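Undergrad: Output the structure for:
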Amino acid sequence: MNQIYAVAAVWLFLAVVSAIVARHLKVAIALVEICVGVAVAAIAGLFGKADMLGADQVWLKFLASAGAVLLTFLAGAELEPQVINKKLKEVSVVGFVGFLAPFVGCSLLAHYLLGWDFRASLLCGVALSTTSMAVVYAVMLETGFNRTEFGKGILGACFVNDLGTVIALGLLFSPFTYKTAIFIAATVAALVVLPYTTRRLSKGYANRTAAIRTKWVVFVLFALGGLAYWSGSEAVLPAYLVGIVLAEFANKDTHWLRRLRTLTVGFLTPFYFLRAGTFVSIPALVAAPLIFVALLGGKVVAKVFGLYPVVGMFRKQRDERWYYTLLMSTGLTFGTISSLYGLSHHIISQSQYSFLVATVIASAVVPTMIAGYAFLPRRLLPKDKAQPALYGEENAAEEG
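TA: Residues are numbered from 1 along each chain as shown. The predicted structure is shown next:
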């Protein structure tokens with residue numbers, strides 16, 4: 001037990017260091033945590049102490065996964081139904097193109113330029129087609145865009161993009177089984193009854209029984225998440241849908257939403273983002289840097305050339321178009337999930353996996369930093385965020 005506490009203390013110390021660095025660099029905390037994870041894993045590897053980080057311990061995997069699930073739920077809960085209805089065309093078109101352009105572009109690049117076989121090339125296209133809901137929502141939260149129609153449109157497009165990735169991974173590599181059917185049926189049933197049962201539970205017990213709404217929502221997320229893993233899907237997908245159907249309920253009690261946000265950002269998500277950084281194999285990148293550069297360039301270029309004209313149909317200002325496009329060029333959760341799926345099912349090799357994960361993580365950092373530094377549309381920020389402090393954890397704590 002003492003080892004668990006020691007490892008947890010190390011990771012939370014790294015989270016504190018990341019918050020301080022992010023505060024001084026004016027960079028989103030999620031990106032700094034990823035970079036710190038990369039650096040610490042590389043240093044530990046030099047001394048042969050990589051196992052001391054405990055990144056593969058079951059309890060740490062659970063905390064990281066729980067952080068991704070709750071962060072994804074919060075992203076869905078921010079999407080007010082009336083706003084999404086108004087932006088249905090925008091989020092559908094931008095999200096679909098955001099998936100299709102890099103899927104086609106990166107598959108062709110991997111097959112014809114890098115010489116990967118057909119299945120590995122398709123897996124590459126799937127892994128690099130994603131947009132990181134976790135990173136984008138963290139940035140939206142820190143800037144305050146999550147409260148604006150601009151930010152809600154970006155979040156909606158991210159969901160459609162990642163939905164395309166999940167469907168492609170399933171259709172290309174995962175056979176449709178009875179488990180898939182059970183998962184879909186159970187999720188649909190839960191989404192139908194969830195708004196009513198949540199309102200009834202809150203009306204009878206909220207503010208009387210300690211944090212019952214939080215316990216109820218986390219129970220639903222974990223139950224559907226476990227069912228998703230059992231069926232071969234991922235827990236973050238039903239989490240986003242649960243957030244959407246409970247958006248109206250959540251937005252009626254902003255204090256409850258802020259407290260849940262504090263728990264998520266203050267405790268759980270550092271494990272997720274730091275752990276994501278530890279996946280990068282620096283020796284593999286040093287051995288063949290051009291492959292990494294080609295994959296990262298292929299993803300970003302395909303996203304930009306595909307999305308920038310499409311985003312221009314809905315956003316006319318140059319900085320808005322670039323900011324929107326670059327955030328849609330990020331990747332993390334589903335990219336690493338798809339890469340790990342390919343490795344565990346012998347679709348890609350260990351070296352190909354390392355290149356894909358490194359590319360996915362770099363795509364979470366590079367486009368987001370460029371967007372924040374060069375194209376932040378300050379005029380669209382809420383008044384209290386006119387000078388945004390992109391260091392996350394303290395903002396969440398203040399709100400809680």
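
Undergrad: A19 and G266: what is the separation?
TA: A19 sits 10 Å away from G266, going by Cβ to Cβ, to the nearest Å. In this view, the C-beta of every residue, glycine as well, is placed from N, C-alpha and C.

Undergrad: The residue positioned nearest the centre of the chain and N251: what is the separation?
TA: Centroid-nearest residue in the chain: A134, 2.6 Å away (criterion: Cα atoms, centre = their mean). Plainly put, A134 is 21 Å away from N251 if you go by Cβ to Cβ.

Undergrad: I212 - how many residues pack around it?
TA: 15 (other Cβ atoms under 10 Å).

Undergrad: Likewise for the one 10 residues further on?
TA: Other residues within reach of F222, judged by other Cβ under 10 Å, total 17.

Undergrad: Ok, the one 4 residues further on next?
TA: One way to gauge burial is a neighbour count; for G226, by other Cβ under 10 Å, it gives 11.

Undergrad: F118 - nearest residue in space that isn't next to it in sequence?
TA: Of all residues not flanking F118 in the chain, H111 sits nearest, at 6.5 Å (Cβ to Cβ, 6 or more residues apart in numbering).

Undergrad: does the one you found really touch S121, like I thought?
TA: Yes. With contact defined as Cβ atoms under 8 Å, H111 reaches S121; the gap is 3.8 Å.

Undergrad: More neighbours: which of the two?
TA: Using other Cβ under 10 Å as the criterion, H111 and S121 rank with S121 on top: 21 against 18.

Undergrad: got the CA coordinates for the strand or helix carrying that one in CSV?
TA: Per DSSP states H and E, S121 falls inside helix 118-127. Taking Å, rounded to 0.1, in the frame of the first residue of the first chain, the C-alpha atoms of helix 118-127 are listed here in CSV:
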residue,chain,number,x,y,z
PHE,A,118,-2.6,-2.2,-46.3
ARG,A,119,-4.1,-3.0,-42.9
ALA,A,120,-1.4,-1.1,-41.0
SER,A,121,-1.9,1.9,-43.3
LEU,A,122,-5.7,1.9,-42.7
LEU,A,123,-5.0,1.7,-38.9
CYS,A,124,-2.7,4.6,-39.3
GLY,A,125,-5.4,6.6,-41.0
VAL,A,126,-7.9,5.8,-38.3
ALA,A,127,-5.5,6.7,-35.4
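
Undergrad: Give me the average confidence score over it.
TA: Averaging pLDDT along helix 118-127 gives 95.

Undergrad: Okay, buried residues for it please.
TA: Neighbour-count burial for helix 118-127 flags R119, A120, S121, L122, L123, C124, G125, V126, A127 (criterion: 16 or more other Cβ atoms under 10 Å).

Undergrad: What is it packed up against?
TA: helix 88-108, helix 149-173, helix 333-344, helix 350-374 (3 or more Cβ pairs under 8 Å, 6 or more residues apart in numbering; DSSP states H and E).

Undergrad: what's the angle from the helix or strand that it is followed by to helix 149-173?
TA: As assigned by DSSP H and E, the chain's next helix or strand after helix 118-127 is helix 133-143. Per axes from the mean of the first three to the mean of the last three Cα atoms, to 10 degrees, the angle that helix 133-143 makes with helix 149-173 is 170 degrees.

Undergrad: now helix 133-143: mean pLDDT?
TA: Rounded mean pLDDT across helix 133-143 is 84.

Undergrad: Could you tell me the average pLDDT over stretch 187-207, please?
TA: 88.

Undergrad: quick one: contacts of it?
TA: 212-213, 216-217, 220, 224, 227-228, 238, 241-242, 245-246, 248-249 (Cβ atoms under 8 Å, 6 or more residues apart in numbering).

Undergrad: got it, and stretch 114-125?
TA: Against stretch 114-125 from outside (Cβ under 8 Å, 6+ apart): 102-111, 172-173, 291, 294-295, 338-339, 341-342, 347-349, 352, 356.

Undergrad: Check stretch 280-287 too.
TA: By Cβ under 8 Å, 6+ apart, stretch 280-287 touches V38, A41, A42, G45, F292, S351, S354, F355, V357, A358, I361.

Undergrad: In the residues you listed, which residue is surrounded by the most others?
TA: That'd be I361 among those, by other Cβ under 10 Å, with 28 neighbours.

Undergrad: which residues touch it?
TA: So I361 contacts I34, V38, A276, G277, F279, V280, L332, T336 (Cβ under 8 Å, 6+ apart).

Undergrad: from those, which is closest to F13?
TA: For these, the closest approach to F13 (Cβ to Cβ) belongs to G277, at 15.0 Å.

Undergrad: Please give the element, helix or strand, for that closest one.
TA: helix 269-278.

Undergrad: Not counting that helix itself, show me its contacts.
TA: By Cβ under 8 Å, 6+ apart, the list of residues contacting helix 269-278 reads 11-12, 14-15, 18, 29-30, 33-41, 53, 55, 60-61, 63-65, 67-68, 70-71, 134, 138, 332, 336, 361, 364.

Undergrad: what about Y205, distance to D253?
TA: 14 Å.

Undergrad: And H345, by the same measure?
TA: Counting by Cβ to Cβ, the gap from H345 to D253 is 43 Å.

Undergrad: picking up where we left off before, what about the residue nearest to the centre of the chain, distance to A210?
TA: 28 Å.

Undergrad: Provide a list of residues in contact with S231.
TA: T177, K179, T180, I182, F183.

Undergrad: let's see 6 Å
TA: Residues counted as contacts of S231 (Cβ atoms under 6 Å, 6 or more residues apart in numbering) are K179, T180, F183.

Undergrad: so where does the second one fall, helix or strand?
TA: The one in question is T180. Per DSSP H and E: helix 178-205 holds T180.
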